[in-house]
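Colleague: Provided below for reference: sequence and predicted model.
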Amino acid sequence: MKLETIQKLCCPFDKEDLDLKIILKDEKENIIEGWLTCATCTRLYPIIKGIPIMNPDEYREAHLEQPVLDRWQNQLAGKEIKNFRSN
């Protein structure tokens, strides 16, 4: 995903700007892994294989996202993710 694309996204729930944490980029500076967070509702949206997962909560599958969050544990800096929100 290109950085310019991410800058155009907003939180689908409250329409606020999102903060970006980059974990991995490719040689063209496209974002491969990372996450977007909303400061207002504290939701966390992972970016997996260049795709931001921004589905409504009821359509997100925690069992699919959890392995990625586990792999990112060092970058989460102690944040706990519960119900797709960071604490």
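Modeller: Perfect, I can see it now. Worth saying up front: this structure is predicted, and the values here are computed from it rather than measured.

Colleague: for T37, name its beta-bridge partners.
Modeller: Counting by DSSP bridges, T37 forms beta bridges with D19, L44.

Colleague: list the contacts for D17?
Modeller: By C-beta atoms under 8 Å, 6 or more residues apart in numbering, the contact list for D17 reads C10, C11, C38, A39. In this view, the C-beta of every residue, glycine as well, is placed from N, C-alpha and C.

Colleague: list phi and psi for the residue lying farthest from the centre of the chain.
Modeller: Within the chain, the residue lying farthest from the chain centre (C-alpha atoms, centre = their mean) is E27, at 20.7 Å. Dihedral pair for E27: phi -70, psi -20, per degrees, to the nearest 10.

Colleague: where does the chain dip in pLDDT?
Modeller: Filtered on pLDDT under 70, the chain yields the residue ranges 82-84, 86-87.

Colleague: in PyMOL, select just the buried ones from the contacts of D17.
Modeller: The buried residues among the contacts of D17 can be selected in PyMOL (16 or more other C-beta atoms under 10 Å) with this line:
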select buried, resi 11+38
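
Colleague: can you tell me which of the contacts of D17 is closest to P46?
Modeller: Using C-beta to C-beta, C38 comes nearest to P46 of these, at 13.1 Å.

Colleague: that closest one: what's it in contact with?
Modeller: The neighbourhood of C38, defined by C-beta under 8 Å, 6+ apart, consists of C11, F13, D14, E16, D17, L18, D19, Y45.

Colleague: let's go with 10 Å and repeat that
Modeller: 10-19, 44-45, 85-86 (C-beta atoms under 10 Å, 6 or more residues apart in numbering).

Colleague: out of the residues you listed, which are buried?
Modeller: Members of those classed as buried by 16+ other C-beta under 10 Å are C11, L18, L44, Y45.

Colleague: verify the stated contact: the first one with R43.
Modeller: Yes - in this structure C11 lies within contact range of R43 using C-beta atoms under 10 Å: 6.5 Å.

Colleague: which neighbours do those two share?
Modeller: Common neighbours of C11 and R43 (C-beta under 10 Å, 6+ apart) are L18, L36, T37, M54.
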